[in-house]
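Asks: Next comes the sequence, and after it the predicted model I'd like to discuss.
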Amino acid sequence: MKSASYQHICVLALTLAVCCPHIFAQETKKTSEPTWSIPWLKNTSLGKATIVIKRFGRLQRNEIWDPPAGYSIGGIDYLATEVLKLDEKSFEGSEATQKDIRDMQSYAYFYRARSRGRKVDAKNPAEQELNEIMADLKKAVELGYTNHLEILGSKKELHHIFDKAEFKELIKSLKEKAFTRIREGYTRQVARGFALYAKAEKKTWRPELKTPAGEAFWPDGSPAIVVLSRIHHDGYNKFIGRLEKLAGAKGAKLNLRTAFYQHRADDKGRLDQTADYVKALGTESPYSVIDRGQYKELRETLKSRYEDGSAKEGNKTAVFDIFQPVVIFFDAAGVPLYLTNGVLEDWQIEAVLAGFTAAAGSGTEEKETAPAPETEK
């Protein structure tokens with residue numbers, strides 16, 4: 001009679017065979033992508049170029065540049081040599097594999113440059129050695145390596161070439177390209193943000209607010225830009241002056257407002273403190289004070305519109321959050337069109353103001369006062 005454990009194993013195997021036949025089936029599908037391998041890594045889970053790139057980083061962090069003692073393989077020099085043996089032309093017809101090879105080789109050249117730098121005589125470096133370091137670095141950039149910060153962070157190995165004119169020119173070019181990518185990426189992010197809110201169900205937040213002088217808080221019949229913050233907030237202190245200046249330059253100064261939130265809007269001590277704070281700060285845009293209830297209503301309106309717009313874009317798990325200073329862009333009816341979090345750079349402010357003008361229409365532009373009609377003589 002078979003043991004109970006043997007019976008359990010048989011039952012489990014039968015269950016898996018019925019419910020998960022793919023476990024027992026032989027692999028019949030062949031990958032359409034050509035394969036490549038590196039001897040040192042072929043017995044690992046190597047399947048993507050990122051694994052090779054990460055291996056470079058791990059070896060560098062552990063200062064393993066040469067093969068370990070007693071081994072003929074291993075280390076950054078070995079890995080770079082093996083990667084550079086891969087021939088991109090051998091994989092014509094597979095753009096993905098060719099891209100993987102270029103990515104790996106860009107890192108291989110970068111780390112080989114660093115390895116060369118370690119071996120240079122610090123007291124009397126030969127010009128030929130410095131040229132080889134520079135050539136490897138330039139080849140890495142040519143193949144797509146663009147991280148100028150990591151290059152500058154490799155001063156320990158590359159400091160020999162930091163004073164070379166071509167190195168400085170290379171870094172300058174990479175910095176400019178990185179900044180361009182960041183700006184273009186942020187502009188696309190802003191455009192997607194306005195588009196997301198445009199898809200959402202329209203909900204308004206436009207309570208009857210007054211400025212300390214008793215005037216209406218909201219611009220009459222026009223869109224509004226409302227900065228939401230507490231008083232004595234370091235981010236607001238540094239941000240509001242630049243925002244006012246740039247809004248003025250873009251013709252949106254009359255749309256700008258600040259809503260300071262506190263527990264109770266009728267707390268006279270806090271109101272006096274807010275007035276002193278604004279005066280000391282020297283801000284020019286109108287402000288009002290809202291209470292906790294109004295803040296929660298505003299936050300819920302923003303959250304609802306963001307989540308609804310995200311869901312309509314197919315993202316049902318979008319996470320909403322705000323942190324001050326928050327800049328909220330409203331249309332003339334009080335519907336939030338977009339928001340930003342935290343302190344923005346000037347170029348980011350300009351990008352968002354441009355998006356606001358496009359989304360809200362000509363109402364964001366300051367209107368010139370029409371000349372008074374001439375009286376008949």
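Replies: Here it is on my side, so go on.
Asks: contacting residues for the nearest residue to G235 once chain neighbours are set aside?
Replies: With Cβ to Cβ, 6 or more residues apart in numbering as the criterion, G235 has its nearest non-adjacent residue at 4.6 Å, and that residue is V343. No exception for glycine: its C-beta is placed from N, CA and C like everyone else's. For V343, the contact set (Cβ atoms under 8 Å, 6 or more residues apart in numbering) comprises G235, K238, F239, P325.
Asks: isn't the first one right next to V327, touching?
Replies: No. Taking Cβ atoms under 8 Å as the definition, G235 is not a contact partner of V327, at 11.2 Å.
Asks: The two: which has the busier surroundings?
Replies: In terms of neighbours (other Cβ atoms under 10 Å), V327 is the more surrounded of G235 and V327; the figures are 25 against 16.
Asks: Do I have it right that that one meets V352?
Replies: Yes. Using Cβ under 8 Å, V327 is in contact with V352, at 7.2 Å.
Asks: so V327 sits in a strand?
Replies: Yes. Assessed with DSSP: H, G, I helix; E, B strand; the rest coil, V327 lies in a strand.
Asks: What residues are recorded as beta-bridge partners of it?
Replies: V227, T340 (DSSP bridges).
Asks: The helix or strand encompassing K172 packs against which elements?
Replies: Assessed by DSSP states H and E, K172 sits inside helix 165-199. Helix 165-199 is packed against helix 127-142, helix 148-152, helix 292-312, strand 336-341, helix 346-360, with contacts defined by 3 or more Cβ pairs under 8 Å, 6 or more residues apart in numbering; DSSP states H and E.
Asks: Turn these into CSV, columns for distance to K210, mean pLDDT and mean neighbour count.
Replies: Listed next are the helices and strands packed on helix 165-199 as CSV, based on distance: least, Cβ to Cβ, whole Å; pLDDT from 0 to 100; neighbours: other Cβ atoms under 10 Å:
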stretch, distance to K210, mean pLDDT, mean neighbour count
helix 127-142, 58, 97, 17
helix 148-152, 49, 97, 15
helix 292-312, 13, 97, 17
strand 336-341, 21, 98, 20
helix 346-360, 23, 95, 19
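Asks: between V327 and V352, what contacts are shared?
Replies: T340, L344.
Asks: that older thread, mind putting the contacts of V343 in TSV, pLDDT and distance to Y111 included?
Replies: Below are the contacts of V343 laid out as TSV (pLDDT from 0 to 100; distance: Cβ to Cβ, whole Å):
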residue	pLDDT	distance to Y111
G235	95	40
K238	94	40
F239	96	41
P325	97	43
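Asks: Skipping adjacent residues, who's closest to A354 in space?
Replies: K250 (7.6 Å).
Asks: So the one you found is in contact with A351, correct?
Replies: No. Using Cβ under 8 Å, K250 is not in contact with A351, being 10.9 Å away.
Asks: Report how many residues lie close to the residue nearest to A354.
Replies: K250 has 18 nearby residues by other Cβ under 10 Å.
Asks: Contact partners for it?
Replies: Here K250 is in contact with E350, L353, A354, T357 (criterion: Cβ under 8 Å, 6+ apart).
Asks: For G309, give its distance to G235.
Replies: 26 Å (Cβ to Cβ, to the nearest Å).
Asks: What of V319?
Replies: 22 Å.
Asks: same thing with D100?
Replies: Counting by Cβ to Cβ - D100 and G235 are separated by 42 Å.
Asks: any idea which helix or strand carries G93?
Replies: Judged by DSSP H and E, G93 forms part of no helix or strand.
Asks: which phi and psi does it have?
Replies: Torsion angles at G93 (phi, psi; degrees, to the nearest 10) stand at phi 100, psi -10.
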